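S.K.: Need coordinates for the below:
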Amino acid sequence: MNIYEDITLIYVCYNSTKLIKKNINNIKKFKSIIVDNANSFELSTIIKKIDNITYINTSKNLGYGRANNIGVSYAKTPYVLILNPDIYFETNSIDELLKAFTSFDNVGVAAPSLYDQNNNRRSNSSLSYLKKKIHRSKFNKKIYNDVLNTNTDGPLCCDYLIGCALLFNKSFFLEIGGFDDSFFMYFEDNEICDRINKNNKIVLEVPKSKMVHLQGESSTLNFFTKSKISIIHKISEYIYLKKNIKRHLLFFFIFKNFFDFFQRFIFSLLTLKFKKSYKNFLRIISIFFFITNLYLFLYR
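M.R.: Okay, here's the model as predicted:
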């Protein structure tokens, strides 16, 4: 296998020009597709000068999963590597990722181990959201911590991997329907890993493949956009739960959250902790948008 011939890098960007420019010397070595959800003239100008990078302007923000699905559909290689703009990599990390992927017959998705700028290992999750949050236990927390602190170089089988760097066989990705675009952003990685597991495929973390994740720096956002994203994050959580737990448990979870967020909102307001108060206000708003289906207007 040849990483330059057999893999296409897929980037979904939203005001991410600075990050793409910083990593452009590595990106342009590969067949790459950049899907621009922000219609950036500067980004399009840079990309159009590079032959092996395809630029797709969506004209509007389609969300993370839907835009990635479009990017993958344009790829002509057997493998696609979906990357966030705030992921920095060396070419050998992609080589290690592909080697691990092709070493087994039943891999559904593979991802690198993630590190911060100071070479501290970040979590690439491992346990599913449901196990960590819904079926919470000391045993699950122990597994989660053991995986994070392991020093093994061997591949690790996981329930779930963070969606910032994911290697797929293109055919399999399309066969299972790609990302569920009912998620505008967040939790689409949880959901696709669930489907991969249900298809008896492995979700694989590859410690020999190391990438730096500058978490939260994928785009430049103003105050309004940050607030909107905070609401969307909680809504995506509820959409994910709706797909995975019984209706009465979902209502109980939302009801419990509402009173928790409301009392935190009031307490923070009374103690003049306005930042925390606003955060919980947004969480309350997210519940309202979800139960009324008005959240669909946020995606426009």
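S.K.: quick one: contacts for the closest residue to Ile231 other than its chain neighbours?
M.R.: Computed as Cβ to Cβ, 6 or more residues apart in numbering, the closest residue to Ile231 that is not its neighbour in sequence is Ser286, at 4.5 Å. Backbone N, C-alpha and C define where each C-beta goes, glycine included. Applying Cβ atoms under 8 Å, 6 or more residues apart in numbering, we find Ser286 in contact with Ser230, Ile231, Ile232, His233, Lys234, Ile235, Tyr238, Tyr295.
S.K.: who touches stretch 158-165?
M.R.: With contact meaning Cβ under 8 Å, 6+ apart, stretch 158-165 is reached by 64, 81-84, 86-87, 89, 109, 111-112, 114, 123-129, 131, 147, 188-190, 192-194, 197, 203-205, 211, 213.
S.K.: mind redoing it with 6 Å?
M.R.: 83-84, 87, 111-112, 124-128, 189-190, 193, 203, 205, 211, 213 (Cβ atoms under 6 Å, 6 or more residues apart in numbering).
S.K.: Can you pick out the ones from those residues that are in helices?
M.R.: Members of the contacts of stretch 158-165 lying in helices (criterion: DSSP state H): Asp189, Asn190, Cys193.
S.K.: ok, the last one to Cys157 distance?
M.R.: So that's Cys193. 12 Å (Cβ to Cβ, to the nearest Å).
S.K.: Over to the first one?
M.R.: Spatial separation of Asp189 from Cys157 under the definition Cβ to Cβ is 16 Å.
S.K.: Over to the second one?
M.R.: Remark: distance between Asn190 and Cys157 (Cβ to Cβ) = 16 Å.
S.K.: So for these two, which residue has more residues nearby?
M.R.: Taking neighbours as other Cβ atoms under 10 Å, Asn190 and Cys157 compare with Asn190 leading, 24 against 13.
S.K.: got a pLDDT number for the closest residue to the more buried one other than its chain neighbours?
M.R.: Once flanking residues are discounted, Asn190 sits nearest to Tyr129: 4.9 Å by Cβ to Cβ, 6+ apart. pLDDT recorded at Tyr129 is 74.
S.K.: if you average pLDDT over the strand or helix carrying Ser209, what comes out?
M.R.: Following DSSP states H and E, one finds Ser209 within strand 202-213. Regarding strand 202-213, the rounded mean pLDDT is 93.
S.K.: Who does it pair with, and is each partner parallel or antiparallel?
M.R.: Looking at strand 202-213 with DSSP bridges, its partner strands are strand 87-88 (antiparallel), strand 107-115 (parallel), strand 156-158 (antiparallel).
S.K.: could I get the ones you listed as CSV with mean pLDDT and distance to Lys48?
M.R.: As requested, these are exported to CSV (pLDDT from 0 to 100; distance: least, Cβ to Cβ, whole Å):
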stretch, mean pLDDT, distance to Lys48
strand 87-88, 93, 23
strand 107-115, 94, 29
strand 156-158, 87, 38
